[in-house]
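*Asks:* Fold the following, please.
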Amino acid sequence: MKRFRRHGHDSQRDKLKQELFQFNKTVEHGFPHQPSALGYSPSLDLLAIGTRSGAIKLYGAPGVEFMGLHDENAAVTQVHFLPNELELVTLLDDNSLHMWTLRAHNSVSELLEVGRFTLTGPPGAPPSVTRVTSVLALSSGELLLGTEGGHVFVVEVPGFRELEERNISVEDIQKRIPEEYGPRRNLECVEALQENPRNPQQVLIGYGRGLMVLWDLQKKCAVQHFLGTQQLESVWWMEDGITIISSHSDGSYCHWSVSEEDVQSQPNKQETPYGSFPCKAISKILQLPTKQGPPYLIFSGGMPRASYGDRHCISVIHSKTHIALDFTSRIIDFFVIREGKQLNKGEPSALVVLVEEELVVVDLQSEGWPVIQTPYLVPLHCSAITCSHHVSSIPLKLWERVLATGELQNTHYSRKPWPINGGKNLAPDPPQRDLLLTGHEDGTVRFWDASGVCLYPMYKLSTAGVFHTDADPNDNMNQGAEGEWPPFRKVGCFDPYSDDPRLGVQKIHLCKYSGYLTVAGTAGQVLVMELNDEAAEQTVEATVVDLLQGQEGFRWKGQARLDVRHEPVTFPPGFQPFALVQCLPPAVVTAIALHSEWKLVAFGTSHGFGLYDYQQRTNIMVRCTLNPSDQLALEGPLSRVKSIKKSLRQSFRRIRRSRVSMRKHHGNNAAKLQEINARLDAENLQDMELAPVQRKIEARSSDDSFTGLVRTLYFADSFMSDGGHSTPSLWAGTNGGAVFAYVIRLPPVERRMEDKVTAHPAKEIQLMHRAPVVGLAILDGRGAPLPEPLEVAHDLARSPDMLGSHHLLVVSEEQIKLFTLPKVSAKTKLKLTATDGSRVRRVGVASFGSSRVEDYSESGLVVLTNLGDLHVVSLPAIKMQVHYPCIRREDVSGIASCVFTKHGQGFYLISPSEFERFSLSARCLVEPRSLVESSNSKAPISTSNTNQTQQDGRLTEDSRKLKKDSGDADVSAKQVMEHALLNDEKVLQEIQKSLEGDQMAYLDNSVNPTVGRVLNTRD
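*Replies:* Here you go, the predicted model:
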């Protein structure tokens, strides 16, 4: 009977697990890694970015995001939206074309791949004949594909059927080339294709050698030839349909006129914007008219090759204003957004530039052409991310103060709203306000709004002002010198260079209730900050803490500490430092903990840990955890190679000295020589033994050789001496499997400033397996983790149960163990390495709410292993609940960057510039939910026709004519049928069911469901 009851209980538990846990990868925050193509649809108001890894991402209004992934591991080279349609075409560098569509399902749009196509030439033809170099989506619905061999193919979409009778061969072009251009010259590849804005039946074909041909698609003949002699880069057809602008490889651009003449041998005007010296190519050019005044001329490149050949610039010329926008990374592509109801007819309003590391939008209508702040696609890696910290459920008051402080930093941005607003964001409002804090290599901490789909920048904090650095604060990098030519202006925020690598932020801890912030860095610096709404001038005094406690025989070989400014420093509104702890030796800070109610900060390095009272600005205690065998702990970053070089250098010097002395004494005694060589070998061996050696344990981190390195610090109010009186305590876990506990004695509140805080060692635990301790927590009498400092005081958490016995939870890399308090006796444990040999890399405590019952939740321990697997362990039973594969085991940086939230979500870096967001909770889920509708409503294509199109890649001419002619012939009959259907509810229901059934059948039969989904596309 017990067995049957247990089986019933297990089935109930399994059902409850489904209500509590559900794994989803929801959204990618940040800037796409290695972008390679840009597209824009004026009718949909959507932006598309393709990457080298084969991803395609669409963005509209904030919160409207879609992602797809090509099956082929090939870079996206071009993206083109079909005019006034929900489809777009991508070209990959493997020469394949792919059709994508935004299809609505359950009132939410999904990005789906619905077709693919590769040009096939005649048998025996070289690959250049069909190698696509240029794509033009005609307003009539066809695609023109220009190739490397000079041919132009006409392809019908969405069926991807080649219309062979309408193809334009290079032989047809060469036959009609005027004699004065040369006898049948090699025209090279098709570099550009443009449609006549006044006559859709005419297209301009631009060849790499410089020839441009105006071709009539209806008459199938060349109308006019433009005999350019310079290497062609791009063309632009003005709205009047008369003027054509071509840009060339020598940094010049030319104006040509469309006329009835067959040949134009010379351009009307030729200009080289940046002088007569050799210039780089103008890769793209466009000219846009304005209602009043001169047009905007915008082009990329064209810089003088010798002086500024390494600059990445886009020049904007309007009237007497000429600015060369200078970017810090390579330009991929750009386009201009025009305002007004008529597409591509209004005034130029914004210039959108995609560069390799960021997206920059320039306001062309405001004075000075300022940059518009992006609500998404923000480069998280402006400076390399070194750590991250997530804070859930931010109080409204703190949120508004941080937001107001950030707005003071954004005065240089344009006040214009974000210009790309396609689609509808259907995602519900976030239930809470969440912050994601990222620490960076240049000493900055950035605050991000992580509540919803968009990771929005709120505020940037810099710690460099506390120290003397090589940077000159008077440098203004944003403006060029007056009278400089070309007139450069720095734009964008990507700056990968750090003035001093010691400024790098390693640990962050924010108390959301008090507004105190702790930031720890690479050179042993720990800053304590407080949020201030006004600017303040103050001196930050450093408290030097010697973690070695004067031990002899140890010599620090690493970096020097940062030089603190002794003069008063003016800090802007925001988080301002008022206390500084400088650890000696100045090693990387590996752990910090902040208790704002007790006004205490704990910090740890590879040498030990300490406790600091930031109210009295005094250090309370220091504990050295250094083991005499930890030679690596005495060497700073990048000192391993130096130590090996030093030992080898010393060895060779000894050999050289011994040989010189041998020559001086003319010693021929073989025995003596052998003795000296043996002694030298022994010295060399001794030196090499002192050199650092990696531990030969698989799947261990590089820090495992530091047995004294402090991995985690934890404050708790629990039972330390007896079960009747709780006392404040500090717990520390090290890389050698040791746990240290200190009892803290706090003076009464009225005597807090006068009496000193004291700390005394209380307990010490040494794990038998000596695995690194990565997490510590104390569970109250109900088995729930103790609340955060001030959480109970703000009525945001239930008071801990102090009547029942408390338990200490110790999480090492190999197992999770539960100890009773205050006796510290082992109660239960869970070995994680018993089956697959995995090691715990990240751990966090989260609350999982039921998706069915509103007021039911459970606390669980979330664990990430070195294999990239996520585990949820129940508390306090310490039993495995669920596990999911999340990150590729080869992605070491992604595993190391993972951070968990308090409600079962998490973030990890999938590239230097992107966070992947995932959720383990069935209730808390942040994902894009968007709907995009076309302004051009079309009759739906039946499922059978679409499937047939997918199978053989062709549409019959009869069906195309039928669709085209039915709109004019049967208008009155159509209106009668619509009126009858709309007034019959049963008929409407039947139609709805059949449409949904056809749609689902189409998705199941003709679309790869894993390609183009917003979720679950990348590891």
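*Asks:* residues touching the most centrally placed residue in the chain, list them.
*Replies:* For the chain, residue 914 is the residue whose C-alpha lies nearest the centre (Cα atoms, centre = their mean; 1.5 Å). Listed by Cβ atoms under 8 Å, 6 or more residues apart in numbering, the contact partners of residue 914 are 28-33, 380. For the C-beta atoms, the positions are set from N, CA and C on the backbone; glycine is no exception.
*Asks:* for it, which residues make a bridge with it?
*Replies:* Going by DSSP bridges, residue 914 is paired in beta bridges with residue 30, residue 911.
*Asks:* residue ranges of the strands in the stretch 101-250 of the chain, please?
*Replies:* All strands of the stretch 101-250 of the chain, identified by DSSP state E, counting those that start in this stretch, fall at 108-118, 132-137, 142-147, 152-156, 161-162, 190-195, 202-207, 211-216, 221-227, 232-237, 243-248.
*Asks:* typed the wrong thing, it's the stretch 251-400 of the chain
*Replies:* Going by DSSP E, counting those that start in this stretch, the stretch 251-400 of the chain shows strands at 253-257, 263-264, 269-271, 282-288, 296-301, 312-318, 321-327, 331-338, 348-355, 359-363, 371-372, 385-391.
*Asks:* helices or strands up against the second one?
*Replies:* Using 3 or more Cβ pairs under 8 Å, 6 or more residues apart in numbering; DSSP states H and E as the contact test, the elements touching strand 263-264 are strand 221-227.
*Asks:* Name the residues that touch the strand it packs on?
*Replies:* 172-173, 176-178, 180-181, 202, 210-216, 244, 246, 256, 258-259, 261-267.
*Asks:* Taking their axis directions, it and strand 202-207 sit at what angle?
*Replies:* 40 degrees (axes from the mean of the first three to the mean of the last three Cα atoms, to 10 degrees).
*Asks:* show me what contacts residue 928?
*Replies:* Residue 928 touches 26-27, 63-66, 425, 427, 453, 1014, counting by Cβ under 8 Å, 6+ apart.
*Asks:* Let's see that with 7 Å instead.
*Replies:* Applying Cβ atoms under 7 Å, 6 or more residues apart in numbering to residue 928 gives the contacts 27, 63, 65, 427, 453, 1014.
*Asks:* Inside helices: which ones of the residues you listed?
*Replies:* Using DSSP state H, no member of the contacts of residue 928 falls in helices.
*Asks:* Most neighbours among those, which one is it?
*Replies:* Taking other Cβ atoms under 10 Å as the neighbour criterion, residue 65 ranks highest of those with 26 neighbours.
*Asks:* May I ask you to confirm that that residue is in contact with residue 59?
*Replies:* Yes: with contact defined as Cβ atoms under 7 Å, residue 65 reaches residue 59; the gap is 5.7 Å.
*Asks:* Can you tell me the SS state at residue 79?
*Replies:* Recorded secondary structure, residue 79: strand (DSSP: H, G, I helix; E, B strand; the rest coil).
*Asks:* and the gap between the closest residue to it other than its chain neighbours and residue 912?
*Replies:* Distances taken as Cβ to Cβ, 6 or more residues apart in numbering place residue 39 nearest to residue 79, at 3.3 Å, with adjacent residues excluded. From residue 39 across to residue 912, the span is 24 Å (Cβ to Cβ, to the nearest Å).
*Asks:* neighbour-wise, which of the two wins?
*Replies:* More crowded of residue 39 and residue 912, by other Cβ under 10 Å: residue 39, with 23 against 17.
*Asks:* Which of the helices or strands spans the more buried one?
*Replies:* strand 35-41 (DSSP states H and E).
*Asks:* Also compute the angle for that strand relative to strand 348-355, please.
*Replies:* Orientation check (the same axes, to 10 degrees): strand 35-41 against strand 348-355 gives 160 degrees.
*Asks:* what does strand 35-41 contact?
*Replies:* The contact list for strand 35-41, computed with Cβ under 7 Å, 6+ apart, reads 47-52, 75-81, 88, 332-333, 335, 354, 356.
*Asks:* gap between the two ends of stretch 187-203?
*Replies:* End-to-end distance for stretch 187-203: 17 Å, by Cα to Cα, to the nearest Å.
*Asks:* Any idea what the residue nearest to residue 79 is bridged to?
*Replies:* According to DSSP bridges, the residues that bridge with residue 39 are residue 48.
*Asks:* any idea how far residue 88 is from it?
*Replies:* 6 Å.
*Asks:* any shared contact partners between these two?
*Replies:* In contact with both residue 39 and residue 88: 48, 79-81, using Cβ under 7 Å, 6+ apart.
*Asks:* possible to save those as TSV with neighbour count, pLDDT and distance to residue 922?
*Replies:* Formatted as TSV, those follow (neighbours: other Cβ atoms under 10 Å; pLDDT from 0 to 100; distance: Cβ to Cβ, whole Å):
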residue	neighbour count	pLDDT	distance to residue 922
48	24	98	32
79	25	98	36
80	20	97	40
81	22	96	37
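*Asks:* just to revisit the earlier point, and the strands of the stretch 101-250 of the chain as a markdown table, adding distance to residue 627, mean neighbour count and mean pLDDT?
*Replies:* Output for the strands of the stretch 101-250 of the chain, formatted as a markdown table (distance: least, Cβ to Cβ, whole Å; neighbours: other Cβ atoms under 10 Å; pLDDT from 0 to 100):
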| stretch | distance to residue 627 | mean neighbour count | mean pLDDT |
| --- | --- | --- | --- |
| strand 108-118 | 55 | 20 | 95 |
| strand 132-137 | 63 | 21 | 96 |
| strand 142-147 | 68 | 23 | 95 |
| strand 152-156 | 70 | 21 | 94 |
| strand 161-162 | 73 | 19 | 91 |
| strand 190-195 | 67 | 23 | 96 |
| strand 202-207 | 71 | 24 | 96 |
| strand 211-216 | 75 | 21 | 94 |
| strand 221-227 | 78 | 18 | 92 |
| strand 232-237 | 64 | 24 | 96 |
| strand 243-248 | 66 | 23 | 96 |
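*Asks:* Next, format those strands as JSON lines and append distance to residue 924.
*Replies:* Below are the strands of the stretch 101-250 of the chain laid out as JSON lines (distance: least, Cβ to Cβ, whole Å):
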{"stretch": "strand 108-118", "distance to residue 924": "19"}
{"stretch": "strand 132-137", "distance to residue 924": "41"}
{"stretch": "strand 142-147", "distance to residue 924": "44"}
{"stretch": "strand 152-156", "distance to residue 924": "46"}
{"stretch": "strand 161-162", "distance to residue 924": "47"}
{"stretch": "strand 190-195", "distance to residue 924": "49"}
{"stretch": "strand 202-207", "distance to residue 924": "52"}
{"stretch": "strand 211-216", "distance to residue 924": "57"}
{"stretch": "strand 221-227", "distance to residue 924": "61"}
{"stretch": "strand 232-237", "distance to residue 924": "48"}
{"stretch": "strand 243-248", "distance to residue 924": "51"}
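*Asks:* wait, which of those strands is closest to residue 588?
*Replies:* strand 108-118 (42.7 Å; Cβ to Cβ).
*Asks:* Show me what that closest one is packed up against.
*Replies:* Packing contacts for strand 108-118, counted by 3 or more Cβ pairs under 7 Å, 6 or more residues apart in numbering; DSSP states H and E, involve strand 65-69, strand 96-105, strand 930-931.
*Asks:* Around residue 428, how many other residues sit close by?
*Replies:* Residues within reach of residue 428, counting by other Cβ under 10 Å, total 10.
*Asks:* Show the backbone phi and psi for it.
*Replies:* phi -70, psi 160 (degrees, to the nearest 10).
*Asks:* Tell me which residues are up against stretch 262-279.
*Replies:* 178, 180, 224-227, 250-257, 302-306, 315, 486.
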